[in-house]
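> here is a sequence with its predicted model. Questions after.
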Amino acid sequence: MTSVFERLRRRTFSEKSLPFLFLGLTLLAYGLLLPWTGFYWDDWPFAWIARFLGPQEFIPAFSHVRPFLGPIFLATTSLLPETPLAWQAFALLVRFALALSAWWAFKNIWPEQPRQALTAALLFLVYPGYSQHWVAFTHINQELIPFFFYLVSFGLTGKALHDRKGFILFTALAMIFQIAGIFPTEYFLALEPLRFLFIWSMLAGPVDSFKSRLARTVKDWLPYLLVWMGYAIWLYSYYTSGAYKNYGLSAPGNLQAAGWAAPLQILKAGGDAISKAGLYAWVQILPLAAKTITAPSTWGTLGLILAVSGLLAFYLSRLTLPVGQSGSRAWGQQAILVGLIGVLLGRIPSFAVGLPLTLQSSFDRFTVSMMIGACLLAAGLIEWLFARSRYRILVIAILVALGVGQQFFNANLFRRDWARQQEIYWQFAWRIPALKPNTLLLTNYVGIDYETDFSFTAALNWMYDPDFKPPELPFAMMYSQERLGGKLPALDPGLTVSLPYRTVAFHGSTSQAIVFYVSSTSCLRVLDPVYANKELYARYPDALKQAIALSDPSLIQANAATPTLPEAVFGAEPAHTWCYYYERAELARQQGHWDKVAKLGEQVQALGYKPQDPTEWLPFIEAYTYTGNLQEAERLSKLAWDSNMVPRKALCSLWKRIASDREDQPRIQAFSEKLQSEFSCGG
């Protein structure tokens, strides 16, 4: 044992081991839950396009949004299958490459500060303000690949300035990568002044006077400035030409709306960006963990933070790097200034079009353009505040570990969301075997966080039309409240509904619709004016209740076979627990197969399953009245009545309808009146 500790004490690591450090941290931060993450947000439409329209379709699909982004999607989708596992694995590889490119860029900008460059790159790898890594299909193509090109461009600029013999070659390459980094997406539009600051810092030694240094900086930056100005001119002309059709945003956004108050609003937004993206993001995992301190996943996160901080501190204390310049406080001050400017520059594009900056939401994707600034700010503060190597290493290890923990925490949120998504898709398959074409699906809410109705539109078309042929999209899903007055004109029958979906379109009517509801705890429910009516859902939002009258369950082809969902995309069919039996019972009730509903009720109770929402007992209660098992109908009614969730209006409505439908059966009439009296249903 002594010899083991002795070997560890003497163990050292060279610079050659650093790629393995980056790889290990990448796996710990982003890879531990990789097999259990899936598609989110725009991943679904993009995957659907790749599968059913082909990679070449991304060129016209982006022609009115980001025309230079289409080729990136074309290239990646030509190489990868349309499965979550493939894209999540590719995201891991891109993250690793992005971290190495940042390290390489910082080393070339500050070749005499290898330790500081490493610190900034390690922080960059795990930057915790950006939580959208797992929206892989979308953000790999839309942001991370262009970001990789831009970082390489910065690094090539560093090589050009430090190797004057290769200046022209490296500058030309840097300009090519600059074009590849900024033209596909406007996310990095405002970052180019950082290159000016990098050049300025690199000329600190060779050029002495301020005037000559400034002139030299401008001269070396000029080629990049011309590319940047060319891009800005093109972007402005593109936005104002009418060709741009995206998100309903206007280019002036906040600045136009602010009017005379614009300077104050800009200052507030700048302070908000620095406090959130530059500072709070690094420690946000601590209050997040405190809110769920009893959860096993939280303890796993905290354990991971402790393990990574200890191992990384040991590694960094044994790491030998090329000897750099002294004066780390001076570099720290420089990095703080560049970092602050970088955060502010990175906030400009999203602020200018009126989009908020909110951490732990889809809006924190805007921090991707603030990552360089935030990491340099943190690295600079460490260098400036901690002169002693021991304390500095400890702080670096803790900050990196907090970043790893935050990303693992995020991964677990996406894992849960994907598991719930899969449950919902399979519940659709069990309840709705097939749909008539041109059916509109309406709901006001789906109890998951990382999808929209338009995301579900792609998944549902994938499920119900596996042999899709363009250009008519057969199905569309819309939120009855969020889309009301827009894509959904009103909740009245006979209204035309159209949904452009990249290069295809849905055309339907409010008279050909199915309304459904699913919460975070309930099973999927197809609503209708008879069984699941406005009275039963009286406590639900108006946007849901008003839509129920439009719901036509006859659009469901009940006799069709359950659709075959590709396991690589939707996951394996889950175990048949409560929701499976409930969905099959609802389908059987729609067909009037009461014996089958009652049999399903017997099976699910024999297995010991029961609903989280006792309203889901209703189809079984009604089935028992049809099969003559009134004792069981009474037992389940009282069980539901006595539950904590108390679906009392639903039960009263059910028994009143049973009495109304069975006027020719005195026994049922009397039994219904007895229960209504016990439940105090009133008139």
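Done, it's in.

> give me the low-pLDDT residue ranges for the stretch 101-250 of the chain?
206-208, 242-250 (pLDDT under 70).

> residues making contact with stretch 668-683?
Stretch 668-683 has contacts (CB atoms under 8 Å, 6 or more residues apart in numbering) with 625, 630, 634, 637, 641, 648, 651-652, 655-656, 658-659, 662-663. For every residue, glycine as well, the C-beta is placed using N, CA and C.

> for R392, state which of those residues is nearest.
Top of the list for closeness to R392, among the contacts of stretch 668-683 and by CB to CB, is R648 at 64.2 Å.

> how near is the closest one to T625?
Shown here: R648 relative to T625, a distance of 18 Å by CB to CB, to the nearest Å.

> give me the more crowded residue out of the two.
T625 (26 against 14; other CB atoms under 10 Å).

> what is the rounded mean pLDDT of the helix or strand containing that one?
Taking DSSP states H and E as the definition, T625 sits inside helix 618-626. Averaged over helix 618-626, pLDDT sits at 91.

> burial count for W655?
25.

> SS state for it?
helix (DSSP: H, G, I helix; E, B strand; the rest coil).

> what's the distance between the closest residue to it other than its chain neighbours and G54?
With sequence-adjacent residues excluded and distances taken as CB to CB, 6 or more residues apart in numbering, W655 is closest to S672, at 4.8 Å. Using CB to CB, S672 is found at 58 Å from G54.

> between the two, who's got more neighbours?
S672 (24 against 12).

> the more buried one and S554, how far apart?
S672 is 27 Å from S554, by CB to CB.

> could you do K268 as well?
55 Å.

> one more: K649?
The gap separating K649 from S554 is 26 Å, by CB to CB.

> equivalent analysis for L156, please.
Taking CB to CB as the measure, L156 falls 64 Å from S554.

> looking at those two, which is more packed in?
Ranked by neighbour count (other CB under 10 Å), L156 and S554 place L156 first, with 24 against 10.

> where does the protein have low pLDDT?
Residue ranges of the chain with pLDDT under 70: 1-10, 206-208, 242-262, 323-327, 643-647, 682-683.

> quick one, strands of it?
For the chain, the strands defined by DSSP state E cover 439-443, 472-473, 475-479, 496-501, 504-509, 513-517, 525-527.

> need those strands in TSV (columns: mean neighbour count).
Listed next are the strands of the chain as TSV, based on neighbours: other CB atoms under 10 Å:
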stretch	mean neighbour count
strand 439-443	24
strand 472-473	18
strand 475-479	25
strand 496-501	16
strand 504-509	18
strand 513-517	24
strand 525-527	24
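
> how close does F148 get to K159?
Counting by CB to CB, the gap from F148 to K159 is 17 Å.

> again, but for F149
With CB to CB as the criterion, F149 and K159 are 15 Å apart.

> which strands and helices lie in contact with the single longest helix found in the chain?
Longest helix in the chain by number of residues (criterion: DSSP state H): helix 389-431. In terms of contacts (3 or more CB pairs under 8 Å, 6 or more residues apart in numbering; DSSP states H and E), helix 389-431 is packed against helix 114-125, helix 285-291, helix 296-317, helix 371-385, helix 453-464, helix 567-570, helix 578-590.

> F22: which of those helices is closest?
Of those, the one closest to F22 (CB to CB) turns out to be helix 114-125, at 6.3 Å.

> would you mind listing the buried residues in stretch 274-286?
Buried positions in stretch 274-286, judged by neighbour count with 16 or more other CB atoms under 10 Å: 274, 276-279, 281-282, 284-285.

> make TSV from the residues you listed and add distance to P356 to it.
Output for those, formatted as TSV (distance: CB to CB, whole Å):
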residue	distance to P356
I274	15
K276	10
A277	12
G278	17
L279	18
A281	15
W282	20
Q284	16
I285	21
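
> max pairwise distance over those residues: which two?
I274 and I285, at 19.3 Å, using CB to CB across the buried residues of stretch 274-286.

> how is the protein carved up into domains?
24-244+264-415, 434-558, 577-683 (automatic domain parsing).

> off-centre distance for the first one?
Think domain 24-244+264-415. 17 Å (CA atoms, centre = their mean, to the nearest Å).

> likewise the last one?
Averaged C-alpha coordinates place domain 577-683 at 40 Å from its chain's average position (CA atoms, centre = their mean).

> how many residues are close by the closest residue to H162 other than its chain neighbours?
Leaving aside its sequence neighbours, H162 sits nearest to P111 (CB to CB, 6+ apart; 6.0 Å). Residue crowding around P111 was assessed by other CB under 10 Å; the count is 16.

> swap in the one 3 residues further on?
Counted with other CB under 10 Å, the neighbours of P114 add up to 19.

> which residues are in contact with it?
Counting by CB under 8 Å, 6+ apart, P114 makes contact with 15, 107, 321-322, 324.

> ok, so of these, who is nearest D465?
The closest of those, once distances to D465 are taken by CB to CB, is K107, at 51.5 Å.

> go ahead and confirm that closest one touches A117.
Yes. If you go by CB atoms under 8 Å, K107 and A117 touch, sitting 4.7 Å apart.

> returning to what we had before: quick one, which of the helices and strands packed on helix 389-431 is nearest to R329?
Ranking the helices and strands packed on helix 389-431 by distance to R329, with CB to CB as the measure, places helix 371-385 first at 5.5 Å.

> show me what contacts the spatially closest residue to A623 that is not a sequence neighbour?
Of all residues not flanking A623 in the chain, V597 sits nearest, at 3.6 Å (CB to CB, 6+ apart). For V597, the contact set (CB under 8 Å, 6+ apart) comprises 585, 588-589, 619-620, 622-623.

> in CSV: those residues, plus distance to P466 and neighbour count.
Below are those laid out as CSV (distance: CB to CB, whole Å; neighbours: other CB atoms under 10 Å):
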residue, distance to P466, neighbour count
A585, 26, 27
A588, 25, 20
R589, 27, 21
P619, 29, 24
F620, 33, 25
E622, 34, 22
A623, 33, 25
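
> quick check, nearest of these to R525?
P619 (10.1 Å).

> surely the closest one is in contact with L587?
No. Using CB under 8 Å, P619 makes no contact with L587, being 9.8 Å away.

> identify the residues contacting the closest residue to C579 other than its chain neighbours.
Counting by CB to CB, 6+ apart, C579 lies nearest to C523, which is 4.0 Å off, once chain neighbours are set aside. Residues near C523 by CB under 8 Å, 6+ apart: 427, 578-579, 582-583, 611, 613, 616.

> give the buried residues for stretch 626-645.
For stretch 626-645, by 16+ other CB under 10 Å, it's 626-627, 629-630, 632-634, 636-637, 640-641, 643.
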